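*Asks:* Structure for this input, please:
(2 chains)
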Amino acid sequence: MFSQPDRAGFLPLARLPSLLAKLMALDYQCLGPAVENGAIVMRELDAPDGLPRGLQAEQAPGRYRLTQDPHNRYFAWANGPQAIKPLAFAPKESLWCVERDAAGALQFAAVLPEVPRQAIIGVRACDLAALALQDAHFLREGRRDAHYAQRRERLFLVAVQCAVPAATCFCASTGDGPTPTAGYDITLAELAEGFVAVAGSPKGEVVLNALNLSPATPQQIEAAQQQGQTAAASQTRSLPTRDLHDALMSRLEHPRWDEVAARCLACGNCTAVCPTCFCHAETDEPSLDGHSSEHGRIWDSCFGESHGHLHGFNVRPDIRSRYRQWLTHKLATWHDQFGRSGCVGCGRCIAWCPVGIDLTEEVAALTASVVQP
Amino acid sequence: MTAGNGMDAGPPHAATVVSRIQESPTIFTLKLRFTDAAVQAAYRFGPGQFNMLYLVGVGEVPISIMSDPADREVIGHTIRAAGRVTRGLAELKAGDQVGLRGPFGRGWPLQEIGGRDVVLVIGGLGCAPVVSVIHYIHKRRERFGKLVIIQGVKHTEDLIWREQYDRWATLPNTQVLVAADKGAALWPWHVGRVTELFSLAQFNPERAAAMMCGPEGMMRAAAENLLQRGLPESRLYLSMERNMQCAVGRCGHCQLGGSFVCRDGPVFSWGQVKDLLAHRGF
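*Replies:* Now for the predicted structure:
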């Protein structure tokens, strides 16, 4: 965000509502952090001044607790269980429907979602990196997913620099954060007296220009830069290298897979909160009279028994093979598919695992060099 | 290999069951034609590719295409009634309609193996993806060298199209080797493992190509045998089966390492998949 400091404006704290008001005036439904069931979720804001302050999320393996930020900031929380993914890749949606007339003839029709323009306030660098991967999957050249595209192109993304990473965060080691560098319409860095604001797209520029911000001072830009470096340095977890393809694929029979399988419940929480997981099942919901049916999709998990189901046998009948499928896909074969790892270091799979399995710890154990006696 | 030119993830097009043939107590063939003549006229596929068949209110299944690509009138699918959708498809009769989209995936590399001896290794029931290749080669016999068909089944009644095997065995330059794990009265072929027949197969490994379809254990044993005889790895192909729901490399179920079997397969060369096939769970 600081590659072009001359383009950075400064949004005083008291004027944050004017940014939201502008987005609302442009007919964007504004989504921001809200507390639901003890966690931060993205919900529609009813007023420009509706953003909550002082929320912080303390995270650890198998643990997520909201606490009070002593500095009463807007964005001192690292992340919630979901951010952008469900707004572009819907958890459940119809794809097409079919009707059968009295003569038995079938009529098929595509079902496209009606989606409002949505602005998400407070997305993180990890979320943006994950969205770029979801884009690569769903908007692949020649095979564009119309449903994903419909939602995706209506999104307006207001990113924030992460000043307070959680203990589960490791985006610095994956190269994806904590300061957003691409993929946003506007990005903010929260300082005590306001926000350093930079536009990252033409539509972001239109919004920021309308606010008539004064340029950010060199001191403010320096403070934001410093804040990003401090946040990166505060992260205690990491992956040993960004490309673990060969390290993992050469250890497919490592005893650690059995060990982690003994702890893993195969609940699928990690895949549900992972911002890059894209697996989904296709489903049919027939009408009661049997004359019509809706064909749709619903998020699926490689930890479920049905994921590897074939008639007569299951490709992954046990938890060992399912955990190994997840981890090797995410960190190894993702490189074959998308040219980078599928992990953006958000740490959600660590916090939301009911038994606290820590991906970084598993990778460390799997890739530790064998010590000869 | 034949690249997919299939329709997208949906919706399918309506197709009519032109005829239904009961091949064995659990295996049947549906010959389908799109109700829209323009869709039927535009439809092209290569042997080894598959279609998604949709049964209203139940769901879709991937089924390989067994008819000849030159047949522009109907699209043939031989199906075993095994799950919810296929048991429902088994109840259809001529005139009924289903949804059809395809073709998907990469088929057999038939252009690349022209002029070669062809060894086909088939395991299990029917194995339509390879049977379509037999039809294909027989209609274009002069383009290929020797044809060796090696088929293994568990029970003798699992061998469908028995008369065809008898007929193929009488054709010039064609060798048919069939084995059933468990024999029965009047079974004219070998009783035992199909791999016991490999030593009888007559082909020149230096100019041959092989295509396999069936249980992975059988294909691994067959690959080991063929490679030992000197067949180069680059000319050994196999058709893989995985859970497929979208058919366009999107839903994620069919992943085999970095490959989406529905999009990058189902036909692979041995070198592409041998490392992962050595491990259970991929």
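
*Asks:* B:Gly107: what's its closest spatial neighbour, skipping adjacent residues?
*Replies:* Once flanking residues are discounted, B:Gly107 sits nearest to B:Gly48: 3.0 Å by Cβ to Cβ, 6 or more residues apart in numbering or on different chains. Just so you know, the C-beta spots here come from the backbone N, C-alpha and C atoms, and that holds for glycine as well.

*Asks:* before we move on, what SS does whatever residue of the stretch 51-200 of chain B ends up closest to chain A have?
*Replies:* Distances between the stretch 51-200 of chain B and chain A by Cβ to the nearest Cβ are smallest at B:Gly57, namely 3.1 Å. With DSSP: H, G, I helix; E, B strand; the rest coil as the basis, B:Gly57 sits in coil.

*Asks:* Could you find the closest non-adjacent residue to it?
*Replies:* Spatial nearest neighbour of B:Gly57, chain neighbours left out: A:Pro286 (3.1 Å); criterion: Cβ to Cβ, 6+ apart.

*Asks:* Show me the beta-bridge partners of the one you found.
*Replies:* The bridge-partner assignment for A:Pro286, based on DSSP bridges, gives A:Ser293.

*Asks:* contacting residues around it?
*Replies:* A:Pro286 sits next to A:292-293, B:56-58 when contact means Cβ atoms under 8 Å, 6 or more residues apart in numbering or on different chains.

*Asks:* Local confidence estimate at the residue located most distally from the centre of chain B?
*Replies:* Taking Cα atoms, centre = their mean, the residue of chain B most remote from its mean C-alpha position is B:Ala185, at 28.3 Å. Per-residue confidence at B:Ala185 stands at 87 (pLDDT).

*Asks:* Repeat that for B:Met7.
*Replies:* Per-residue confidence for B:Met7 comes out at a pLDDT of 56.

*Asks:* and stretch B:206-225, how far out from the chain's middle?
*Replies:* Offset of stretch B:206-225 from its chain centre (Cα atoms, centre = their mean, to the nearest Å): 14 Å.

*Asks:* got a list of contacts for that stretch?
*Replies:* Stretch B:206-225 has contacts (Cβ under 8 Å, 6+ apart) with B:108-109, B:112-113, B:115-124, B:127, B:129-130, B:133, B:145-146, B:150, B:152, B:194-195, B:198, B:226, B:230-231, B:235-239, B:267, B:270, B:274, B:277-278.

*Asks:* Same question for stretch B:30-37.
*Replies:* A:105-106, B:13-21, B:40, B:43, B:53, B:67, B:73-77, B:79, B:89, B:92, B:97-98, B:100.

*Asks:* tell me the mean pLDDT over that stretch?
*Replies:* Averaging pLDDT residue by residue across stretch B:30-37 gives 97.

*Asks:* That stretch: which residues count as buried?
*Replies:* Of the residues in stretch B:30-37, those with enough neighbours to count as buried (16 or more other Cβ atoms under 10 Å in any protein chain shown) are B:30-34.

*Asks:* Out of those, flag the one nearest to chain A.
*Replies:* Using Cβ to the nearest Cβ, B:Phe34 is the member of the buried residues of stretch B:30-37 that sits closest to chain A, with 11.1 Å.

*Asks:* any idea which element the residue lying closest to the closest one once chain neighbours are set aside lies in?
*Replies:* Excluding the flanking residues, the one nearest B:Phe34 by Cβ to Cβ, 6+ apart is B:Gln40, at 4.1 Å. B:Gln40 is located in helix B:37-42, with elements delineated by DSSP states H and E.

*Asks:* All the strands of the stretch 1-150 of chain A, in order from the start?
*Replies:* With DSSP state E, counting those that start in this stretch as the criterion, the stretch 1-150 of chain A has strands at A:9-12, A:29-36, A:39-44, A:55-60, A:63-68, A:92-100, A:106-110, A:118-123, A:139-140, A:143-144.

*Asks:* got the buried residues for the fifth one?
*Replies:* Read it as strand A:63-68. Neighbour count says strand A:63-68 has A:Tyr64 buried, by 16+ other Cβ under 10 Å.

*Asks:* quick one: it to strand A:29-36, angle?
*Replies:* Following axes from the mean of the first three to the mean of the last three Cα atoms, to 10 degrees, one obtains 100 degrees for the angle between strand A:63-68 and strand A:29-36.

*Asks:* Pull strand A:63-68 out as CSV, backbone CA atoms only.
*Replies:* The C-alpha atoms that make up strand A:63-68 are tabulated as CSV, following Å, rounded to 0.1, in the frame of the first residue of the first chain:
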residue,chain,number,x,y,z
ARG,A,63,-9.6,-21.2,21.2
TYR,A,64,-11.3,-17.9,20.1
ARG,A,65,-12.3,-15.3,22.8
LEU,A,66,-13.4,-11.7,22.3
THR,A,67,-11.6,-9.2,24.5
GLN,A,68,-11.5,-5.5,24.9
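
*Asks:* Distance from the chain centre to that strand, please.
*Replies:* 19 Å.

*Asks:* Need the contact partners of it.
*Replies:* Residues external to strand A:63-68 that are found in contact with it (Cβ under 8 Å, 6+ apart): A:35, A:38-40, A:54-59, A:77, A:81, A:351-352, A:356.

*Asks:* now do the fourth one
*Replies:* For strand A:55-60, the surrounding residues in contact (Cβ under 8 Å, 6+ apart) are A:33, A:35, A:39-40, A:64-69, A:76-80, A:164, A:166-169, A:347, A:350-351, A:356.
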